[in-house]
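Asks: Quick check, what structure comes out for this input:
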Amino acid sequence: MKLVLRWALNAVALMLIPELLPEIRVEGYMAALISALLLGFVNAIIRPLLVLITLPITILTLGLFTLVINGLMFWMVSGLVEGFVVPGFWTAFWGALVYSLLTWMVSLALSDKDD
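Replies: Take a look at the predicted model:
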């Protein structure tokens with residue numbers, strides 16, 4: 001149940017991003033739900049592989065290259081989902097940063113205090 005709630009709240013967070021970055025468009029709840037699901041999948045499966053492949057660059061930039069990888073993943077998902085539009089890399093970069101902050105707040109709100 002908590003996983004479904006987290007998914008729904010991440011979709012809501014995705015729908016809030018166009019309020020802060022008007023270049024990004026999320027056209028409807030279904031696009032937000034599918035995008036949130038795909039972003040979760042991409043961040044769980046593909047992102048760790050990219051971080052491992054780009055480890056030397058990540059070390060040289062003291063981890064800042066990870067932000068570039070996040071932006072690329074965000075941009076990639078926008079290319080896969082109709083109704084989720086991110087026009088360019090820098091928009092994706094800032095969108096991924098905002099989305100990361102919003103989903104961090106969702107995780108913080110849903111975390112168990114006893115753990």
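
Asks: going forward, measure contacts and count neighbours with C-alpha atoms only.
Replies: OK.

Asks: show me where pLDDT drops low in this structure?
Replies: Within the chain, the segments meeting pLDDT under 70 span 113-115.

Asks: What are the boundaries of the helices in it?
Replies: Remark: helices assigned in the chain by DSSP state H are 2-20, 29-53, 55-60, 65-80, 89-110.

Asks: can you list contacts of the third one?
Replies: Contact with helix 55-60 is made by Val51, Leu64, Phe65, Thr66, as judged by Cα atoms under 8 Å, 6 or more residues apart in numbering.

Asks: From what I see, the first one and Val68 are in contact.
Replies: No - Val51 is beyond contact range of Val68, at 10.3 Å (criterion: Cα atoms under 8 Å).

Asks: thinking again about what came up before, may I see the helices of the chain arranged in CSV, with mean neighbour count as well?
Replies: Formatted as CSV, these follow (neighbours: other Cα atoms under 10 Å):
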stretch, mean neighbour count
helix 2-20, 17
helix 29-53, 16
helix 55-60, 14
helix 65-80, 20
helix 89-110, 17
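
Asks: Now for the contacts of helix 55-60: which two are most distant?
Replies: Greatest spacing in the contacts of helix 55-60, by Cα to Cα: Val51 and Leu64 (11.2 Å).

Asks: Now distance to Val85 too, for the contacts of helix 55-60, in a markdown table please.
Replies: Putting those into a markdown table (distance: Cα to Cα, whole Å) gives the following:
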| residue | distance to Val85 |
| --- | --- |
| Val51 | 25 |
| Leu64 | 25 |
| Phe65 | 23 |
| Thr66 | 22 |
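
Asks: Alright, calling it a day.
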